[in-house]
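Enquirer: The following block contains a protein sequence and its predicted model.
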Amino acid sequence: MNLLIINGRVVDPSQKLDAKLDVLIEDGRIARVDKKIKSGVDVFDAAGLVVTPGFVDLHTHLREPGQEHKETIATATRAAVAGGYSAVCAMANTVPPNDERAVTEMVVAEAARHGACRVYPIGAVSRGLKGEELAELADLHTAGCVAVSDDGKPVWNAQLMRRALEYCSMLGIPVIAHEEDANLNEGGVMHEGYYSTLLGLAGIPAASEETLVARDVILARLTGAHLHIAHMSTAGAIEVVRRARRAGVNVTCEVTPHHLALTDQSVQSFSTNLKMNPPLRSKEHRQAILEGIADGTVDAIATDHAPHHFDEKNVEFDLAPFGVIGLETAFPVCYDRLVRKKVIALGRLIDLFSCGPARVFNLPGGSLRQGSVGDVTILDLEAQYEAAAPFVSKASNSAFIGEKLQGRAVATIVGGELRYDRRVHAAAAPAKSAAKKKSKR
Amino acid sequence: MNVKKRLLDSARMNRAIRRMAIEVVEKNRGIDDLIIVGIRSRGVPIGERIAKEIEQMENQPVPFGILDITLYRDDLTTIAPQPVVKPTKLPEPIDDKVVVLVDDVLYTGRTIRAALDALIDFGRPRQVMLAVLIDRGHRELPIHADVIGKTVPTDANEVIKVKLTETDDADEVLIMEK
Amino acid sequence: MRTASSALRSKDLLGIEPLSPEEITLILDTAEGFKEVSERPVKKVPALRGQLVINLFMEASTRTRVSFEIAEKRLSADTLNFSASGSSVEKGETLIDTAENLMAMHPDMIVIRHKHPGSPKMLADRLPASVINAGDGAHEHPTQALLDAFTIRERVGRLQGTNISIVGDIAHSRVVRSNIHLLTKMKANVTVAGPPTLLPMDIEKMGVRVVHSLDKAIEGADVIMMLRIQLERQGKLTIPSLREYYNTFGLTPERLRRGKEGLIVMHPGPMNRGVEIASDVADGPWSVILEQVTNGVAVRMAVLYLLGGAHMEGA
């Protein structure tokens, strides 16, 4: 669990660091970040590369237990480290859902056995995700759940949401809200607007998300509890959160790479890899998300990695399940749309991928401070390639297939252990992509 | 393509058409039951001119129709894009009538084969005659013309270009080389 | 864009949206030639002899299926009808598997009707056969728009500058979308009318005027196109009752008399008499509804003919 990373450009927003430094990890923890460190441990030469605290994904669907044909803990975490993530938070909507201790323990045990990165389970808010009665939240927390959510569905009953917030304030964990009004959505499969009208597909109005965000922000104010809003996709939701934070409400939020990169216009292809919930919104909403990222309203970028089997997506748009994978493309997509397009600086991007998510869920990591866990992501910002199947993930339902990307993780270190090394990986599977590698400058 | 020779000028074309009209009337011993049908596209103005000549001779109009043979072409499935289809217009039922099909050039005979098939779909004429302005030979089917404006021996690599004032800039027939 | 209008660019007809005005004109002109075929003693031409056309109807349809079948038969194509009920689809076969199995029998064209938008495109992207969209959910119904345009051209004389009002359930209608694409491409003036609950978001961005009054829709219109109100909509938060709908948007002779001289009334069918249209209108002098049906065969023959050679190219 010892490793010395030399010659890299260290970017750590948690200490406002951006300099050419070496990073020494000893016994799985950051021992020192300094110039020209000498040590007898294994050396990773990061010349020409960027060294950051390990990425943390707040929103991953591992699909295990129950839907192993889509993805498993083993394959999802391998995809995670290939994307630069040293930790993922596992959503509760598995089969059975993670609404009791036994499921949490199974996920923790399986992750320890076969996981390539850290896995933090998220428990269900309600038993069976039915939205009727609270799950055993304290028990789930004790077993290792870092937050609770009925993600995939909203907590439709306002009273239940209030009770969940109150109860979790005792536990010191956030309630993650998936915000949509099922009545306003009725049968919707894409954003309601010009393109849904053009394509004759049933729409999901922005108001569906915005009304519930507004309700839950008011409940968060009432209870003083920590509300975290998942995958925000609309201008109205961003605005509500921005104002609530100014007013001192304990609300945080995440956005996904696909919502900040794409719009509903692309659904004209009828590609089922562009179907997810919340749906790709219009360009005005996308613009509002970029503004929320730039002004600090958004705390984290989360993938909402939602793998599905090829057969499940190889159907009519109406019939395909919602969801896209994202772990392997999140960084390059956001690097392009946010940093290369000059919305934010690289430091802020790393904050959104690592420090921000760790801070929001109070997780270890998100920093290269002495004593922090030895989770490190090493990035090559110059690599150019095209997103293409097959992915490391078991699934290939990516919204970005065919897109020219730049920048990616070269290595992912978890607790001082090199869990992913693209140089080894590329040698093992040379036909994977036509990547141009400029590791040395 | 180069113009090799001018086969007919305006005056000679008019004389040829007048002669064809006379021959049609003679072969039919009058104009009873006669219908002139031009094959799209250049058979139409030639047919109209023949009908007009007959009317002047006989002081009585002769019915005139238009046949579009596109849908009956035997090469329809092998050519792309699909040729333009236009309506067929026949002035009256053709049952028991003498139909004179008119076209500009008789060559392989395939157009006339298609025209006969098309015509039969409209009824059962007593007799079908064929009148063409130019017969250039090289038949691929057992078809012959009853009335011919001018017979011209040609090579396969030559093209006969019939121009008519109704559709082109002049009345003339040219022989061109590919 | 090509200006010569001698061919369609795509092997498929998935909608009106991808067509150029020249392509639309080509189809309408070609349909004139085919209208004459249906008036002959022998209503059949050998144009598609030896070609196999599969009519894949995954959703109930009488008018469109029959019209396509007649068009195919008049062109001498071999036809095969495949409908969802009583087929492998009921056993859970996916659309793509169904289509690939049919494709193994080497059809030249597939006519598809399906309730899910984009399904014709799914097939067109995967199969070498020409795919003709006979209606996909609320997305497009291109041959309906073409036969409507053919009828307008025949009755009004032109499309450019013609005022056309489409009234009714705009939100759920594929006919509306195809008609708006076609009519705006051909520079007609389109108005849509209906209660706001039946108008989809941002419809005005498709280049149409939006009104919420039938009288306003009739005023100055050369053509009124009525849409079917699906009876199941009643009580589903879109219209309070059919009775109220008829009172506000039902087309009656009294309202039509306030319109322009020579105004024509169209309906894609099937009609709900006494809901969106009074019988006196449906059967009255304004109505060209049965002409639409007749013209449907000619237009579909034209489309089949023009796409008939397409699958031979390249490949």
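Expert: Looks like it arrived, so ask away.
Enquirer: How about the residue nearest the centre of chain B: which residues does it bridge to?
Expert: Centrality entry for chain B: nearest residue to the mean C-alpha point is B:Asp103, 1.3 Å, by Cα atoms, centre = their mean. According to DSSP bridges, the residues that bridge with B:Asp103 are B:Val132.
Enquirer: For it, give its distance to B:Val37.
Expert: Using Cβ to Cβ, to the nearest Å, B:Asp103 is found at 10 Å from B:Val37. Bear in mind the C-beta positions are built from the backbone N, C-alpha and C, glycine included.
Enquirer: Could I get the contacting residues of the residue nearest to the centre of chain B?
Expert: Neighbour list for B:Asp103: B:38-39, B:42-43, B:46, B:111-112, B:115, B:130-133 [criterion: Cβ atoms under 8 Å, 6 or more residues apart in numbering or on different chains].
Enquirer: distance of it from B:Met57?
Expert: On the measure of Cβ to Cβ, B:Asp103 and B:Met57 end up 22 Å apart.
Enquirer: What of C:Arg209?
Expert: C:Arg209 is 61 Å from B:Met57, by Cβ to Cβ.
Enquirer: for A:Arg242, same thing?
Expert: Counting by Cβ to Cβ, the gap from A:Arg242 to B:Met57 is 95 Å.
Enquirer: repeat for B:Leu174
Expert: 29 Å.
Enquirer: and stretch C:31-42, how far from the chain's centre?
Expert: On the basis of Cα atoms, centre = their mean, to the nearest Å, stretch C:31-42 is displaced by 20 Å from the centre of the chain it belongs to.
Enquirer: Run the contact check for it versus chain B.
Expert: Yes: Stretch C:31-42 lies within reach of chain B by Cβ under 8 Å from any Cβ of the partner chain, at C:32-37, C:40-42.
Enquirer: Those, buried ones only, as a ChimeraX selection?
Expert: This is the ChimeraX syntax for the buried subset of the residues of stretch C:31-42 next to chain B, where burial follows 16 or more other Cβ atoms under 10 Å in any protein chain shown:
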select /C:32,33,34,35,36,37,40
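Enquirer: re earlier: A:Arg242 and B:Met57: which is more packed in?
Expert: A:Arg242 (19 against 14; other Cβ atoms under 10 Å in any protein chain shown).
Enquirer: What separation do you get for the closest residue to B:Arg124 other than its chain neighbours and A:Arg9?
Expert: Closest residue to B:Arg124 apart from its sequence neighbours, by Cβ to Cβ, 6 or more residues apart in numbering or on different chains: B:Asp95 at 5.5 Å. B:Asp95 is 94 Å from A:Arg9, where distance means Cβ to Cβ.
Enquirer: Please identify which of those two sits among more neighbours.
Expert: A:Arg9 (19 against 11).
Enquirer: Look at residue 161 and say how many residues are nearby.
Expert: Using chain A. 25.
Enquirer: wrong chain, I was asking about chain C
Expert: C:Gly161: 11 neighbours (other Cβ under 10 Å).
Enquirer: residue of the stretch 1-150 of chain A with the smallest distance to chain C?
Expert: Going by Cβ to the nearest Cβ, chain C is nearest to A:His69 of the stretch 1-150 of chain A, at 16.1 Å.
Enquirer: No more questions from me, cheers.
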